[in-house]
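1. below are the sequence and a predicted model for it; my questions follow.
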Amino acid sequence: MLQASHSRLRKHVFACIVVLSVPLIVNVYVTIGFSVKKANALRRNDNIEDSIEAMIDSEDVTMTTPWLLVSRSIANKTIKTAKEFWSVSHSLNICSSSPIMLVGRLNIDLSDNTNFTFHKEYLDIISGGTWKPRDCFARQRVAIIIPFRDRRKHLEQLQYYLIPMLKRQQLNFRFFVVEQNGNNTFNKGLIMNAAFAEVRKIEDFDCFVFHDVDMIPEDDRNIYTCTDAPKHMSPALDKFGYRLPYMQLVGGVLSMKPDVFIAVNGYSNLYWGWGAEDDDMAARIKFKNLGIVRPPLTTGRYRMIKHSKREMNPAKIRMFLLKTVKNRFMKDGLNSVQYKTVFVKLTPLFTHIMVDVGEPPKDTNKITSMMTQT
């Protein structure tokens, strides 16, 4: 008799544990959001939910105490919620790789006649610069990383054309504007590394697009997603007559999956001033035998916004760095980046990340010595 009582008690306890665990599982799925993998996982859990429902109605577990009656109520509600969740998620398809909303070649007008501070397409952008399609599963979650300094108007012009374009491409995207604090010499590679590290603390993304603020896309058939290999998205620039100047060019707009960015160890941290940090990245890609993917020149077209000349890094240092990439890149990059996060703020159209990267070495000989040691 005592053993039978203990057996029934164990069944009651087990039933409570199981039915109270299901709400937690469902809440996790809802919190994380829809995705194909999660939807499939939930579909596999249908058998678990059916088993729980059958167990509740069976004679093996008699709901006699108030606690078990409450548990049964929770379980029934949870099963209903889970099935409704699966019904909704199952009805959504993966967004097309060639959405019907695409228009092709865009009419870019950068004159002062356009009000770049407002666009009707901004109305459903979530604070922080986030958007995702409602009628299908986005193929990828994309982080748009924009290195920034004193280019507010350029940023407004870029987003004016890029946000509607990304929406037509049915992507789940979020804009991150990463700014170097202070007035010291700009270090694009270093703040790209800092941005990658900070963004991954905030949210998981399938794809990172590193995007110069002065590059305006001219064709929405140039899809802002990542491939297994790094994708140089801006091979045809008006500045170069819409031709690729050289095969190893990856500057302007470059998309990479996070594991690929980690594999090449990100950008170099040693390029203080503009120039050659992208060529350094191309060398890293080459030494990792990853290859470079590009859209056709007819669709990978961009206009560069005119701007004043920027401070270049010294040619001597630039050339020395490019010659030493192979021996240096696995020690100089994402795994050695040093910075301080000043703030992370949500604005209506982007997440603003301010980073302090310190001061550049003032002695050229000291820089060369540091590079040799690296």
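-> Thanks, I have the structure now.
2. ok, the residue lying closest to C226 once chain neighbours are set aside to T117 distance?
-> For C226, ignoring the flanking residues on the chain, the nearest one in space by Cβ to Cβ, 6 or more residues apart in numbering is C207 at 3.6 Å. (C-beta placed from N, C-alpha, C; glycine too.) Relative to T117, C207 is positioned 28 Å away (Cβ to Cβ, to the nearest Å).
3. what do you get for M281?
-> 33 Å.
4. go on, N193?
-> Taken as Cβ to Cβ, the span from N193 to T117 is 31 Å.
5. who has more neighbours, these two?
-> Taking other Cβ atoms under 10 Å, N193 and T117 do not tie; N193 has more neighbours (27 against 12).
6. right, and that one touches L334 too?
-> Yes - N193 is within contact range of L334, at 5.0 Å (criterion: Cβ atoms under 8 Å).
7. what sits in contact with each of these two?
-> Shared contacts of N193 and L334 (Cβ atoms under 8 Å, 6 or more residues apart in numbering): G266, Y267.
8. tell me what the spatially most central residue of the chain is bridged to.
-> Centroid-nearest residue in the chain: A143, 2.7 Å away (criterion: Cα atoms, centre = their mean). Per DSSP bridges, the residues bridged to A143 are R174, F208.
9. mind listing what it touches?
-> A143 touches F173, R174, F176, V199, E203, F205, C207, F208, V209, counting by Cβ under 8 Å, 6+ apart.
10. break the protein down into its structural domains.
-> Residue ranges for the domains of the chain, per automatic domain parsing: 2-90, 120-373.
11. select from those the stretch with the lowest mean pLDDT.
-> Looking at those, the lowest mean pLDDT belongs to domain 2-90 (a mean of 45).
12. run through the strands of the stretch 151-300 of the chain in chain order.
-> For the stretch 151-300 of the chain, the strands defined by DSSP state E, counting those that start in this stretch occupy 172-180, 207-211, 215-217, 231-232, 236-237, 253-256.
13. buried sites along stretch 316-335?
-> I317, R318, L321, T324, V325, R328, F329, D332, G333, L334 (16 or more other Cβ atoms under 10 Å).
14. please report how far the residue nearest to the centre of the chain lies from L190.
-> Counting by Cβ to Cβ - A143 and L190 are separated by 18 Å.
15. what's the neighbour count on E277?
-> 23.
16. wait, doesn't it sit right on L254?
-> No - the criterion here is Cβ under 8 Å, and E277 misses it with L254 at 11.2 Å.
17. anything in contact with each of the two?
-> Common neighbours of E277 and L254 (Cβ under 8 Å, 6+ apart) do not exist.
18. can you show me the helices along the stretch 251-374 of the chain?
-> Along the stretch 251-374 of the chain, counting by DSSP state H, counting those that start in this stretch, helices occupy 258-263, 277-287, 315-323, 325-328, 364-373.
19. who are the packing partners of the longest one?
-> Same thing as helix 277-287. helix 188-202, helix 315-323, helix 325-328 (3 or more Cβ pairs under 8 Å, 6 or more residues apart in numbering; DSSP states H and E).
20. contacting residues for M304?
-> D214, M215, I216, L237, D238, K239.
21. so among those, which ones count as buried?
-> Looks like the contacts of M304 have D214, M215, I216, L237 buried, using 16+ other Cβ under 10 Å.
22. look at D150 and give its secondary structure.
-> Secondary structure, DSSP: H, G, I helix; E, B strand; the rest coil: D150 is coil.
23. how far away is it from I292?
-> For D150 relative to I292 (Cβ to Cβ), the value is 31 Å.
24. reformat the helices and strands packed on helix 277-287 as CSV; add distance to R301.
-> CSV is the format used below for these (distance: least, Cβ to Cβ, whole Å):
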stretch, distance to R301
helix 188-202, 23
helix 315-323, 28
helix 325-328, 29
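25. out of those helices, which is closest to R168?
-> Nearest to R168, of all these, is helix 188-202, at 23.8 Å by Cβ to Cβ.
26. now do that closest one against strand 207-211, angle only.
-> Angular relation of helix 188-202 and strand 207-211 on a 0 to 180 degree scale: 150 degrees, by axes from the mean of the first three to the mean of the last three Cα atoms, to 10 degrees.
27. before we move on, back to that, farthest pair in the contacts of A143?
-> The widest separation within those (Cβ to Cβ) is 14.5 Å, between E203 and V209.
28. looking at these two, which is more packed in?
-> Ranked by neighbour count (other Cβ under 10 Å), E203 and V209 place V209 first, with 25 against 13.
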